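S.K.: what's the 3D shape of this:
(chains A and B)
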There are 2 protein chains.
Amino acid sequence: MTAQLTGRTTVTSLGRGRELLDPALRRAVARLDEHTRLVASYHLGWCTRDGEPVSANPGKALRPSLVMLAAEAVGGTAEDALAGAVAVELVHNFSLVHDDLMDRDTERRHRETVWSVWGEATAVLVGDAMLSLAHEVLDESPSPRAARSSRVLARATRELIRGQVLDMSFETRTRVTLAEGLEMVAGKTGALIAASAELGALLGGAGPRTVAALRDYGAQVGVAFQVVDDLLGIWGWPERTGKPVFSDLRSRKRTLPVVWAVEHGSTAGRELAAWLATAPPPGGDPEPSLRAAAGLVERAGGRAWAVQEARDRVRRALRALDGAELDPVHRTELAELAEFVVERDL
Amino acid sequence: MTAQLTGRTTVTSLGRGRELLDPALRRAVARLDEHTRLVASYHLGWCTRDGEPVSANPGKALRPSLVMLAAEAVGGTAEDALAGAVAVELVHNFSLVHDDLMDRDTERRHRETVWSVWGEATAVLVGDAMLSLAHEVLDESPSPRAARSSRVLARATRELIRGQVLDMSFETRTRVTLAEGLEMVAGKTGALIAASAELGALLGGAGPRTVAALRDYGAQVGVAFQVVDDLLGIWGWPERTGKPVFSDLRSRKRTLPVVWAVEHGSTAGRELAAWLATAPPPGGDPEPSLRAAAGLVERAGGRAWAVQEARDRVRRALRALDGAELDPVHRTELAELAEFVVERDL
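M.R.: So this is what the prediction gives:
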């Protein structure tokens, strides 16, 4: 794929998004009570735990950028969809704060997580506040489509929770099918990215066919994004993702490459299944065992399948765009964004 | 007050509300994924933890009844406001599930709480799902005021969280003023009851002056309701409230009668402050110490103040109704509902 061009163009659209997004997101968060505002601002990378401003890495803002890009692509402006962009970023961050609490993760992007700094109750409340604020922002939008947008967001949140519940159930099961793994990912990651593209189209003024096409595009991009994340969770670069190598193997997580490898029952796959069923030995260096497990995923074909699956999802995303009425320049940007998601680190 | 008539009439309006509410609430909850649906249904008293249907005490449904009554009072129908009724009941229950988790309460209405049956992660997710579902239901309402309603609900949730945060901060402080205590209650309990009356008026088609008046009415009823709850938390009947006598004293909670007693610094108030600062002695029967503390609240005037405050709030609620355009029959029902909240157990 045209990695060079793709990278540059997409970074442009992502950056453009942030300039509009940040002030609007800060205005929204400013409504929260003092303590909740401090904690949310810390989580969003705007300040230290004591409220000292910092200029941390602001993250990709993939979801809000997608909202604004979709609005432009259907003939609206990024401003038309700004409330949607703020809302999806708030929902995304609500889910991160609650996820970190549920998973007892102590670090995210090289910073301590909310619950590990302020405790469980604060993490519960700050997540709740961001979810609710997302609806407040959308419902205040002057768009006659405000209620429809808020409904799209609520459905996506319901799907996201369905995905989380499924993911949790995997932890106590010995067998997970690929279909279940894909369903989980479609909920946990796909739903909000699908809603981002859908919201942009909706707030940008698109007709029903184009709204549906962009939703489908987003759903495919979302699954592609998660498959790449799963690859990075095994073989990725800590300095880029903030996750140590083999991190998902360390926690015996049933990510898609692992699920595929086990389901396709080669010798390596069976060895991997046996490894997954064994608790990590206490003490000692876990590295050799994790490296061996990663080797099993690879030999069983899990890595190659995942790379193919991600690329295939991007192809499906591009096909979905054929069903939408889009101006050609923005259509290219949407296509490049989809490709960037996959090519960023493969 | 006209206790006899008040009681009977209000029970009628509460009962009437449930008949419409229950099927609509069940339809909404049926959209959740299987596990989340089971847990939400258990929490709502519809089934056992294994999903066996039960006909438990369905609770007062004060908030949804208020939504529907307010809609009728402004000339609409209960059906016009049904989505609002479902939504406030979902938000109320989302907050209960998360509260029980944060407070580590193991029992609610004589049943085990969600987190104590299914664990913390499930309690987080089920609460999240109910909050989001509330917006989904409201935003699907055919009313042209759907977005405005969803916004009212989101603001109330923000105020509710503000109240929770304030309440949590009290636990680590030695001094809490009455103003702070009242602010906390206005958020934690008042905001959603105010929103219930406001949503009913809004969905029933009222003009801005009547909507604001009903919101004010609800805010006053909400504080009255909490003051009575605080009284019951010290002197109440376990068989009616599911709370043991002295329960709020047992946890050294800064409820309003306690805050008032300490702030008004009589000898008894100072003794109470000293008692609150002392950790309960391990082992032994705590009953005599709790009984003595309840006596101090009473001697310091905290009980009498609370009874007066609750009645005063009801008077203010009734005055707020003067600013609304209401038909006389439903106006009487709203007045009686306010009085019932206070007289139910004083």
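S.K.: Show me which residues of the stretch 201-346 of chain A sit near chain B.
M.R.: Residues of the stretch 201-346 of chain A lying close to chain B (CB under 8 Å from any CB of the partner chain): none. Any C-beta I mention is one placed from the backbone N, CA and C, and that applies to glycine too.
S.K.: Show me the shaky parts of the stretch 201-346 of chain A.
M.R.: Scanning the stretch 201-346 of chain A with the threshold set as pLDDT under 70 gives A:237-243, A:345-346.
S.K.: all helices of it, in order?
M.R.: In the stretch 201-346 of chain A, the helices defined using DSSP state H, counting those that start in this stretch lie at A:208-235, A:238-241, A:247-250, A:256-263, A:267-277, A:287-299, A:302-321, A:328-343.
S.K.: Need those helices in CSV (columns: mean neighbour count).
M.R.: Output for the helices of the stretch 201-346 of chain A, formatted as CSV (neighbours: other CB atoms under 10 Å in any protein chain shown):
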stretch, mean neighbour count
helix A:208-235, 24
helix A:238-241, 11
helix A:247-250, 21
helix A:256-263, 26
helix A:267-277, 16
helix A:287-299, 17
helix A:302-321, 19
helix A:328-343, 20
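S.K.: Now distance to B:Val137 too, for those, in JSON lines please.
M.R.: Formatted as JSON lines, the helices of the stretch 201-346 of chain A follow (distance: least, CB to CB, whole Å):
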{"stretch": "helix A:208-235", "distance to B:Val137": "21"}
{"stretch": "helix A:238-241", "distance to B:Val137": "38"}
{"stretch": "helix A:247-250", "distance to B:Val137": "36"}
{"stretch": "helix A:256-263", "distance to B:Val137": "33"}
{"stretch": "helix A:267-277", "distance to B:Val137": "41"}
{"stretch": "helix A:287-299", "distance to B:Val137": "43"}
{"stretch": "helix A:302-321", "distance to B:Val137": "29"}
{"stretch": "helix A:328-343", "distance to B:Val137": "32"}
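S.K.: Relative to B:Gln220, which of these is closest?
M.R.: B:Gln220 lies closest, by CB to CB, to one member of those: helix A:208-235, at 43.8 Å.
S.K.: elements contacting that closest one?
M.R.: Under the contact definition 3 or more CB pairs under 8 Å, 6 or more residues apart in numbering or on different chains; DSSP states H and E, helix A:208-235 sits against helix A:62-73, helix A:178-185, helix A:191-203, helix A:247-250, helix A:256-263, helix A:287-299, helix A:302-321, helix A:328-343.
S.K.: again, only using 6 Å
M.R.: helix A:191-203, helix A:247-250, helix A:256-263, helix A:302-321, helix A:328-343 (3 or more CB pairs under 6 Å, 6 or more residues apart in numbering or on different chains; DSSP states H and E).
S.K.: distance between it and the chain's centre?
M.R.: A distance of 9 Å separates the centroid of the chain from that of helix A:208-235, by CA atoms, centre = their mean, to the nearest Å.
S.K.: That helix vs helix A:287-299, what angle?
M.R.: 140 degrees (axes from the mean of the first three to the mean of the last three CA atoms, to 10 degrees).
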